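Asks: After the sequence you'll find the predicted model.
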Amino acid sequence: MASLVAEVLATSGGLEKEDLPTRIGKISNKVDSIKWDLSSYINDKFSDFSVSFSSTTELYNKVDSTSREISSLTHQIQNDVSNQLSSSTSDFQDLSSQLKRANAIIKTLDIICQANESLEKFCEALKVKEYMTACELLTVLQENLKHLQKGKLNEMKIIKALKTELTVHQQTLIHSLGEAWAAAVVWKIPNVKDSDRLDSILTTNLKISLSNKVEDIIKAQHATNVLNNRIQSFGKRVVEHILKHIILISGMEPKVDSTYQFMTISLQKKSDGSKHTAPQKLYKHILTILQTLHKHILSISIEDKQTGEKISLMKIFGDFIWKDLSLCVINHCLVHSIPTSSTQLENYMEIIQATEEFEAKLVELGFLTEGSSSLLTYAKDVNVHFANKKCQDLMVEARKLMTKELHSTVQVGDHSPAEKLAKLDASDTRDPHTAIADKEVLSEGSLRFPVCQISQSVETLMNLAYTTLQEAVTSTTQCAVQLFYTVRNMFELFCEVVPTYHKNSLLQLPQLSALHHNNCMYIAHHLLTIGHQYKNQLPAPLCEGAANMIDLVPVYRKLATDCFLAQMRAQRSQMMESFSGALGFAQLEEEDSRKQAEKAVKQVLHQLNHLCSVWKDVLPSSVYIKAMSTLINTALQEMVNKITALEDISVDDAHQLFSIMTIVTAKTPPLLQLSESEDVAMAIHVSQWTKFTEIMIVLEANLQEILERWTDGKGPLAHALTANEVRSLIRALFQNTEKRAAALGKIK
């Protein structure tokens with residue numbers, strides 16, 4: 001039975017042949033049929049991967065015709081039917097709802113058809129290497145899937161299959177772009193193990209395709225968000241394998257060749273005899289490479305996805321490599337161009353100007369943003385770098401001098417610092433009676449350094465200090481302050497380096513320990529006045545009292561005495577070890593004991609003779625006499641202690657002891673090389689000398705002679721030995737008789 005709507009439409013003549021429910025039902029059935037066919041097709045193709053050779057044209061035609069039929073029916077309902085359904089609202093709403101559902105389904109099917117079409121066109125575009133077209137198709141597919149992912153559609157199997165297919169095609173495109181980029185930008189790089197060899201470096205080259213496909217590849221990479229990583233990697237290789245070799249290897253230059261297919265950048269070595277490439281020449285080489293890259297690949301512009309502005313690849317390239325490139329240029333080129341003297345500093349303006357022109361051309365290329373360079377800043381700070389380099393070179397030179405061998409010597413002490421002070425302080429306005437060089441206050445030799453030998457390296461170090469301070473006088477304030485404190489740092493470094501570097505030599509070789517003593521005293525002597533000599537010529541705050549190094553004088557004096565005293569202790573220990581072989585000088589009537597005692601004494605004398613030969617011309621005479629006297633005194637005291645400790649001395653023993661002691665008294669005075677009478681001089685400088693000679697007399701004297709030399713505690717024997725020591729010798733030398741007892745009674 002026909003419905004009310006059909007009757008109304010039949011009466012009004014608005015409906016022909018079929019009523020609306022019938023037509024909508026047919027459309028719904030048709031939509032369901034198409035949905036099933038399309039779902040089966042998509043699943044077979046993208047989910048189950050069934051092989052299908054049928055065309056999709058029939059499915060597209062079905063969707064299109066059904067969509068037009070739904071549109072026509074919707075229009076008919078809105079224009080003709082709705083006006084006649086005022087009495088049948090319920091039937092109209094049911095029909096409209098059913099029609100909307102069919103319309104929504106057919107729209108979804110239409111989007112799915114478009115997605116499938118995009119996938120098929122993508123494959124065709126990728127085959128013919130139309131990379132931007134492929135990117136655009138994937139973008140359309142992605143947008144279609146966004147519509148399909150709303151609501152419950154996202155869980156449909158067909159939608160999941162399309163999403164998976166989209167991901168696979170995106171990765172396929174990225175992989176294809178990578179292969180295309182590798183074919184367009186071809187690197188030839190030596191193996192890692194050969195990367196430092198010059199012949200391998202010269203085989204490095206970069207080939208860039210001149211095909212018009214390169215721009216399409218670059219823009220497609222930008223669309224797929226891989227361009228930045230690609231340019232970063234490309235820039236790193238350009239710096240590592242081309243630019244760094246040009247910067248680090250003197251005479252290395254770029255070579256550009258072109259064919260109809262490729263542009264090639266390679267390296268060539270030209271010998272120019274220089275150790276480092278000049279900045280002007282290096283800037284030219286770098287510009288050649290960057291201009292070539294700009295011309296053939298980096299001039300392409302892309303659109304920023306956030307701001308929409310056009311950005312050139314050269315700008316991206318520059319942002320990635322400029323920091324590393326500028327640091328490399330600074331550390332391996334500009335740093336070597338920094339002047340080493342004030343006269344060279346005036347010519348440095350040429351390098352500053354070349355740096356300005358270089359950066360201006362980089363800005364013009366789009367490689368660099370104007371006003372953002374550290375290269376020009378470094379070049380303009382030449383005064384700071386000059387001072388830093390000068391100070392660094394001075395410290396390096398000073399350390400080299402400190403690690404040189406100490407045995408190359410030079411004699412000093414002939415010049416008087418007092419004369420230098422008089423010249424340098426000629427502008428002193430103080431009363432000449434109170435001036436530092438006033439003869440009424442100081443003797444003529446007050447500021448004289450004693451004649452001795454020092455290491456040649458120390459004299460060179462001292463001259464270096466004076467030369468540096470003289471240069472500080474004519475330098476800028478900042479440079480002068482740095483140079484002054486560099487000189488001070490040199491002397492502080494000496495205190496750490498020399499005792500450590502030469503530690504074993506200073507302990508084992510007496511001559512070197514004496515030289516080190518003189519070296520330290522020589523430096524301390526100059527440190528007393530070096531600050532005052534330049535104080536009035538240096539800028540503030542140095543001229544206000546900061547320019548002095550007097551606080552280092554005690555440090556150097558202690559360094560000198562500590563080293564030499566350590567050597568003296570080592571020599572004393574060696575003498576004691578030699579004396580230990582004498583077996584306390586007992587029982588010398590036996591041949592073996594006598595030989596052992598003579599051997600021990602001769603070893604000590606040989607040791608003293610050796611010290612005389614290595615110290616005599618090295619140490620100042622006063623220091624030499626004091627040191628040698630101390631060692632001789634130590635030897636004599638040891639012999640005295642051993643002899644006075646003997647409990648029994650036979651006549652033969654006494655003769656042998658006297659003979660051995662005679663050798664000592666004959667050999668030791670020449671060691672001091674004194675001009676006075678030997679006995680008087682030895683008694684003055686060697687405290688044990690008188691005691692030693694008195695014991696020799698006692699060994700050969702009888703009791704009466706001993707008592708005469710004692711003379712009731714007033715004779716020479718009493719001045720040299722104590723009463724106990726004399727009594728001990730008498731008991732050891734003479735038998736226990738009444739005469740000996742009487743003599744012992746007189747020794748009080």
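Replies: Structure received. Computed from a prediction, not measured in an experiment: that's the story for all the values here.

Asks: and Val601, what does it touch?
Replies: Val601 is in contact with Ala582, Met639, Ile660, Ile663, Val664, counting by C-beta atoms under 8 Å, 6 or more residues apart in numbering. Where you see a C-beta, it was placed from the backbone N, CA and C, and this is true even at glycine.

Asks: can you list these in a markdown table and add neighbour count?
Replies: Shown next, in a markdown table, are the contacts of Val601 (neighbours: other C-beta atoms under 10 Å):
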| residue | neighbour count |
| --- | --- |
| Ala582 | 23 |
| Met639 | 24 |
| Ile660 | 21 |
| Ile663 | 13 |
| Val664 | 20 |
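
Asks: Which of those residues scores worst on pLDDT?
Replies: Lowest in pLDDT among the contacts of Val601 is Ala582, which has 84.

Asks: how much space between that residue and Phe122?
Replies: In this view, Ala582 and Phe122 are 108 Å apart by C-beta to C-beta, to the nearest Å.

Asks: Where does the prediction get shaky in the stretch 1-150 of the chain?
Replies: Within the stretch 1-150 of the chain, the stretches with pLDDT under 70 are 1-96, 98-112, 114-116, 118, 145, 147-150.

Asks: Tell me which entries of the contacts of Val601 lie within helices.
Replies: Met639, Ile660, Ile663, Val664 (DSSP state H).

Asks: so what's the second one closest to, chain neighbours aside?
Replies: In space, not counting the residues next to it along the chain, Ile660 is nearest to Val601; the distance is 5.5 Å by C-beta to C-beta, 6 or more residues apart in numbering.

Asks: same check, this time on the third one
Replies: Across the structure, with C-beta to C-beta, 6+ apart as the measure, the residue nearest Ile663 apart from its sequence neighbours is Val601 (6.4 Å).

Asks: Check the secondary structure at that neighbour for me.
Replies: What DSSP: H, G, I helix; E, B strand; the rest coil gives for Val601 is helix.

Asks: Contacts only, for Ile643.
Replies: Ile643 is in contact with Phe585, Leu657, Ile695, Leu729, counting by C-beta under 8 Å, 6+ apart.

Asks: I'd like the residues you listed laid out as CSV, including pLDDT, secondary structure and distance to Gln688.
Replies: Shown next, in CSV, are the contacts of Ile643 (pLDDT from 0 to 100; DSSP: H, G, I helix; E, B strand; the rest coil; distance: C-beta to C-beta, whole Å):
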residue, pLDDT, secondary structure, distance to Gln688
Phe585, 84, helix, 16
Leu657, 90, helix, 16
Ile695, 91, helix, 10
Leu729, 90, helix, 16
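
Asks: hmm, which two among those residues are most spread apart?
Replies: Spatial extent of those (C-beta to C-beta) is set by the pair Phe585 and Leu729 at 12.9 Å.

Asks: would you list every one of the strands in the chain?
Replies: 185-188, 205-209, 252-258, 262-269, 301-303, 310-312, 409-412, 452-455 (DSSP state E).

Asks: hey, which of the ones you listed is tucked in deepest?
Replies: When you average the neighbours per residue for each of the strands of the chain (mean count of other C-beta atoms under 10 Å), strand 452-455 leads with a mean of 23.

Asks: coming back round to it: out of the contacts of Ile643, which comes closest to Tyr534?
Replies: Ile695 (59.0 Å).

Asks: Verify the stated contact: the closest one with Asn641.
Replies: No. Taking C-beta atoms under 8 Å as the definition, Ile695 is not a contact partner of Asn641, at 10.8 Å.

Asks: Which one's more surrounded, those two?
Replies: Between Ile695 and Asn641, Ile695 has the larger neighbour count (other C-beta atoms under 10 Å), namely 24 against 12.

Asks: quick one: the more buried one from Leu636, how far?
Replies: 10 Å.

Asks: same check, this time on Leu325
Replies: Relative to Leu636, Leu325 is positioned 77 Å away (C-beta to C-beta).

Asks: These two: which is more packed in?
Replies: Taking other C-beta under 10 Å, Leu325 and Leu636 do not tie; Leu636 has more neighbours (24 against 21).

Asks: can you tell me which residues contact that one?
Replies: Leu636 sits next to Val664, Thr668, Val686, Gln688, Trp689, Lys691, Phe692 when contact means C-beta under 8 Å, 6+ apart.

Asks: on that earlier part again, which pLDDT does the model give the residue nearest to Ile660?
Replies: Val601 carries a pLDDT value of 92.

Asks: Likewise for Ala540?
Replies: pLDDT recorded at Ala540 is 72.

Asks: Nearest residue to it in space, ignoring adjacent ones along the chain?
Replies: Closest residue to Ala540 apart from its sequence neighbours, by C-beta to C-beta, 6+ apart: Thr477 at 7.7 Å.

Asks: quick one, what contacts Phe367?
Replies: With contacts defined as C-beta under 8 Å, 6+ apart, the neighbours of Phe367 are Leu290, His294, Met314, Lys315, Phe317, Gly318, Trp322.

Asks: Out of the residues you listed, flag the one nearest to His517.
Replies: Nearest to His517 among these is Trp322, at 56.7 Å by C-beta to C-beta.

Asks: Tell me how far Met549 lies from Gln478.
Replies: Distance from Met549 to Gln478, counting by C-beta to C-beta: 20 Å.

Asks: Comparing these two, which shows the higher neighbour count?
Replies: Of the pair Met549 and Gln478, Met549 is the one with more neighbours under other C-beta under 10 Å, namely 22 against 13.

Asks: wait, what's in contact with the nearest residue to the more buried one once chain neighbours are set aside?
Replies: Spatial nearest neighbour of Met549, chain neighbours left out: Leu527 (4.6 Å); criterion: C-beta to C-beta, 6+ apart. Contact analysis of Leu527 by C-beta under 8 Å, 6+ apart lists Phe491, Met549, Ile550, Leu552, Val553, Tyr556.

Asks: Swap in 6 Å and give it another go.
Replies: Contact analysis of Leu527 by C-beta atoms under 6 Å, 6 or more residues apart in numbering lists Met549, Leu552, Val553.

Asks: okay, now the last one: neighbour count?
Replies: Here the count is done by other C-beta under 10 Å, and Val553 has 16 residues near it.

Asks: Quick check: it touching Ala524?
Replies: Yes. Using C-beta atoms under 6 Å, Val553 is in contact with Ala524, at 4.8 Å.

Asks: re earlier: same list, the contacts of Ile643, but as JSON lines with distance to Val473 please.
Replies: Shown next, in JSON lines, are these (distance: C-beta to C-beta, whole Å):
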{"residue": "Phe585", "distance to Val473": "66"}
{"residue": "Leu657", "distance to Val473": "68"}
{"residue": "Ile695", "distance to Val473": "65"}
{"residue": "Leu729", "distance to Val473": "70"}
